[in-house]
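Participant: Provided below are the primary sequence and the corresponding predicted coordinates.
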Amino acid sequence: MSEVKVIEDREFFGRAIRGIWWLTLIRGILLILLGVYALINPLMAATALAQVVGFYLILDGAIAIYAGVAGQTPSRFWTTVRGGILIFVGLFVVGHPIIMALIHATLLVCLLAVSAILSGILEIYVAIRDRQEIEGEGWLILSGALAIGFGLVLLASPLAAGMLMVQFLGAFAVIAGISIVVLAFRIRTFGLRLKS
């Protein structure tokens, strides 16, 4: 490959990078805004997420009905029925987004709590059963007890824990957005270096 060709390729890639670095910047800024919104108003953020899920269910149901009616599936009747159910559920979710957000958050926290409790019980059981073969079974018992305690705390107030989880995700979105903004400026700098 000739030196002229390498220089032309560098200039081409430099122009391409300089032309699109701002898309990464916008993505980072939007993620920061979304995260701040979730931190400030977790219930509305959860409500918006519930509406997105509702619209997805409606669209998925419409596609299923189309596939069932058009005969593009082996089980036309059941595919059409499934599509109708998905549209009905989607309409309910879109029509009652706050209720669905509260149910989703509470259900998710309850599942997490039950999982933590069962995991803790299993850790304690294994530590007691295998105490002759393992070292440090006390730490395993302590870990199991902490997992059970964590699950019980979540079950004590699942709705508050759900809103806290939304805020945690909002904080994560802010951090991720900041790193994407930094990446966007690094991409721009790299594109400028390719120009010279």
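Facilitator: Thanks, I have it.

Participant: name the nearest residue to L39, ignoring sequence neighbours.
Facilitator: Spatially, and ignoring its direct neighbours in sequence, L39 is nearest to G170 (4.1 Å; CB to CB, 6 or more residues apart in numbering). Quick note: C-beta positions are derived from backbone N, CA and C, even for glycine.

Participant: got the contact list for the most centrally placed residue in the chain?
Facilitator: Residue closest to the average C-alpha location in the chain (CA atoms, centre = their mean): L169, at 8.2 Å. Under the criterion of CB atoms under 8 Å, 6 or more residues apart in numbering, the neighbours of L169 are G35, A38.

Participant: looking at it now. What's its pLDDT?
Facilitator: You'll see L169 listed with a pLDDT of 87.

Participant: likewise for M1?
Facilitator: Reading off the confidence values, M1 has pLDDT 51.

Participant: wait, L86 touches D60, no?
Facilitator: Yes - counting by CB atoms under 8 Å, D60 is a contact partner of L86 at 5.3 Å.

Participant: so for the two, which residue has more residues nearby?
Facilitator: Using other CB atoms under 10 Å as the criterion, L86 and D60 rank with L86 on top: 20 against 16.

Participant: that one is in what secondary structure piece?
Facilitator: Following DSSP states H and E, one finds L86 within helix 76-95.

Participant: what about the residue nearest to L39, distance to L31?
Facilitator: To L31, G170 is 10 Å away according to CB to CB, to the nearest Å.

Participant: then R82?
Facilitator: Distance of R82 to L31, given as CB to CB: 34 Å.

Participant: could you do L164 as well?
Facilitator: In terms of CB to CB, L164 sits 20 Å off from L31.
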